[in-house]
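>>> Give the three-dimensional model of this entry:
(one chain, ligands or ions: 1)
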Amino acid sequence: MNKRVILKKGRDFSVIHRHPWIYSGAIYRVVGGPGPGDLVWVLDFKNEPLGWGWYSPASQIRVRMVSFDPNEKYHEEAIFNRIRQAYNARLEQKFAIESNAYRIINSEGDDIPGLIVDRYLDYLVCQFLSVGAHIRQEFIISCLKELMHPLGIYERSDVEVRYKEGLEPCRGELYKKVPNRVKIREKDVFFLVDLKNGHKTGFYLDQRENRYFLRKISKGKKVLNCFSYTGGFGIHALKKGALEVCNIDRSIHALDILKENLELNSIPRDNTQIIRENVFKVLDLYYREKNFFDIIILDPPKFVKNTSQLKNGLRGYKKINTRAINILRPGGYLMTFSCSGLVDKSTFKKIIINSAIDSCRDIKVIKELSMGVDHPYPLGFSSAMYLKGLVLQVV
Ligand code: SAH
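As a prediction, this is how the structure comes out:
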């Protein structure tokens, strides 16, 4: 126990409640001079061990807990076991997942902080977002190879948060060759995924089960799919008998793949609209034109990336939700999301309440949505539940 972090009096509360992050302000003393990513024991003010984690001297999040069990001996085997457990859990959940693309390791949710591993057929795409995960890259890759025998592994750590850990964003092949694009399946729908240049690791795997929900209400409906990306929600809706789907996104690259995805699923183009435009503008236009819909999906990008964006971000959510509610037919559904971790569920609900008041419509909550089963989060770490969704119906 030579490298250790001793917490200030009373600051063990969140660790005891299984919050996996220890901020620099909670630390009383650091002993043994741990370096970036080093394993450290975490002790309370009376020197009682609380568990162990990875040290990150560059970050405000100074320690990320890997084990809350002071009796769990640290050795690399511990990480191997966590990867195996996570993988087995996903195999067990395959009837909920019904896809050959899913998340195998979800960072803190699988007790490997900062590590994301997504599976696309037999290829793995990884993100190493903490210095602890980063310095163990070689070992982690060897575990993935031993357990899953992938055909190739690609790194998509090309994200800004790496700077906070003292790391540069980077990407590239980690094992064998990985194709630029793969064809994945969700139930009976196929999608092309650009593993090397697509968003995140290529696809919004976290929305899979919400796309599955949309299928159940799509038959015969006129659907507006805002922030469509490569067509995820829209193509599921068309496959289950939606009358027409209008997709809006501002990314040419995403819309080009959307067109290919329509073809891939033999969906005729005559009941599909593809509009490259700012969603805010189109919603205003449809409001003026009185262009009404039975179902509207609002799945915007993260409007609030840091606290300085909070005010504007909340205004953005309010605006699109008000407009969307304005152009729903009576009995119509709104599936609305926020993936901003800094906007909690109750704040998000309050925004929607205000949108409903502004648009003078009576609204019921039909269902609350979140990420799918392959995106677990620790019970004591609710801010990791970043994706919040509501299915609302206009009465
Ligand atoms: N629903 C999608 C994921 C949406 S991601 C799925 O299930 O796959 C958010 C998308 O919004 C991105 O494709 C991005 O290009 C697009 N986007 C961001 N801001 C936009 C804006 N103001 N107008 C139109 N599209 C926007």
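>>> Bridged to the nearest residue to residue 298 once chain neighbours are set aside, which residues?
Spatially, and ignoring its direct neighbours in sequence, residue 298 is nearest to residue 336 (4.5 Å; Cβ to Cβ, 6 or more residues apart in numbering). For the C-beta atoms, the positions are set from N, CA and C on the backbone; glycine is no exception. Beta-bridge partners recorded for residue 336 (DSSP bridges): residue 298, residue 390.
>>> Look up phi and psi at the closest residue to the ligand within the stretch 201-350 of the chain.
Taking Cβ to the nearest ligand atom, the ligand has its nearest neighbour within the stretch 201-350 of the chain at residue 232, 3.0 Å off. Dihedral pair for residue 232: phi -40, psi -70, per degrees, to the nearest 10.
>>> How about the one 3 residues further on?
Note on residue 235: backbone dihedrals following degrees, to the nearest 10 are phi -70, psi -40.
>>> Might you enumerate the residues of this protein proximal to the ligand?
With Cβ under 6 Å from any ligand atom as the criterion, the chain comes near the ligand at residues 204, 207, 227, 229, 232-233, 248-251, 254, 278-280, 299, 301.
>>> among those, which ones are buried?
Using 16 or more other Cβ atoms under 10 Å as the burial test, the residues of the chain next to the ligand include 204, 207, 227, 229, 232-233, 248-249, 254, 279, 299 as buried.
>>> just to revisit the earlier point, is the residue nearest to residue 298 in contact with residue 387, as I believe?
No - judged on Cβ atoms under 8 Å, residue 336 makes no contact with residue 387 at a distance of 11.7 Å.
>>> Looking at these two, which has the bigger crowd around it?
Per other Cβ atoms under 10 Å, whichever of residue 336 and residue 387 has more neighbours is residue 336, with 26 against 19.
>>> so what's the more buried one up against?
Contact analysis of residue 336 by Cβ atoms under 8 Å, 6 or more residues apart in numbering lists 297-298, 321, 324, 352, 389-390, 392.
>>> Not counting its neighbours along the chain, what's nearest the residue of the stretch 201-350 of the chain closest to the ligand?
Nearest non-adjacent residue to residue 232, counting by Cβ to Cβ, 6+ apart: residue 211, 5.5 Å away.
>>> now residue 272
Leaving aside its sequence neighbours, residue 272 sits nearest to residue 245 (Cβ to Cβ, 6+ apart; 5.6 Å).
>>> The one you found - that's part of a strand, no?
Yes - membership of residue 245 in a strand is supported by DSSP: H, G, I helix; E, B strand; the rest coil.
>>> Does it touch residue 236 like I think?
No - using Cβ under 8 Å, residue 245 is not in contact with residue 236, being 9.6 Å away.
>>> any idea which residue of this protein is furthest from its center?
Most distant from the centre of the chain: residue 46, at 38.1 Å, with distances by Cα atoms, centre = their mean.
>>> What about the closest residue in space to residue 160 that isn't next to it in sequence, how many residues nearby?
Sequence neighbours aside, residue 169 is the residue nearest to residue 160 in space, at 6.7 Å (criterion: Cβ to Cβ, 6+ apart). By the measure other Cβ under 10 Å, the count of residues near residue 169 is 12.
>>> Could I have the CA atoms of the strand or helix carrying residue 88 written out in PDB?
Element membership for residue 88 (DSSP states H and E) is helix 76-92. Listed next in PDB are the C-alpha coordinates belonging to helix 76-92 (Å, rounded to 0.1, in the frame of the first residue of the first chain):
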ATOM      1  CA  GLU A  76      -3.900  -7.100 -13.600                       C
ATOM      2  CA  GLU A  77      -6.200 -10.200 -13.300                       C
ATOM      3  CA  ALA A  78      -8.800  -7.900 -11.700                       C
ATOM      4  CA  ILE A  79      -9.200  -6.000 -15.000                       C
ATOM      5  CA  PHE A  80      -9.300  -9.300 -17.000                       C
ATOM      6  CA  ASN A  81     -12.200 -10.500 -14.700                       C
ATOM      7  CA  ARG A  82     -14.100  -7.200 -15.200                       C
ATOM      8  CA  ILE A  83     -13.800  -7.400 -18.900                       C
ATOM      9  CA  ARG A  84     -14.900 -11.100 -18.900                       C
ATOM     10  CA  GLN A  85     -17.900 -10.300 -16.600                       C
ATOM     11  CA  ALA A  86     -19.000  -7.400 -18.800                       C
ATOM     12  CA  TYR A  87     -18.700  -9.500 -21.900                       C
ATOM     13  CA  ASN A  88     -20.700 -12.400 -20.400                       C
ATOM     14  CA  ALA A  89     -23.400 -10.000 -19.300                       C
ATOM     15  CA  ARG A  90     -23.900  -8.700 -22.800                       C
ATOM     16  CA  LEU A  91     -24.100 -12.300 -24.100                       C
ATOM     17  CA  GLU A  92     -26.800 -13.000 -21.500                       C
END
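>>> Give the other helices and strands that that helix contacts.
On a contact count with 3 or more Cβ pairs under 8 Å, 6 or more residues apart in numbering; DSSP states H and E, helix 76-92 meets strand 61-67, strand 101-106, helix 137-148.
>>> Give me the nearest residue to residue 48, chain neighbours excluded.
residue 70 (7.9 Å).
>>> The one you found falls within a helix, correct?
No - applying three-state DSSP, one finds residue 70 to be coil, outside a helix.
>>> Quick one: mean pLDDT over the helix or strand that residue 332 is a member of.
Element membership of residue 332 [criterion: DSSP H and E] is strand 328-338. The average pLDDT for strand 328-338 rounds to 98.
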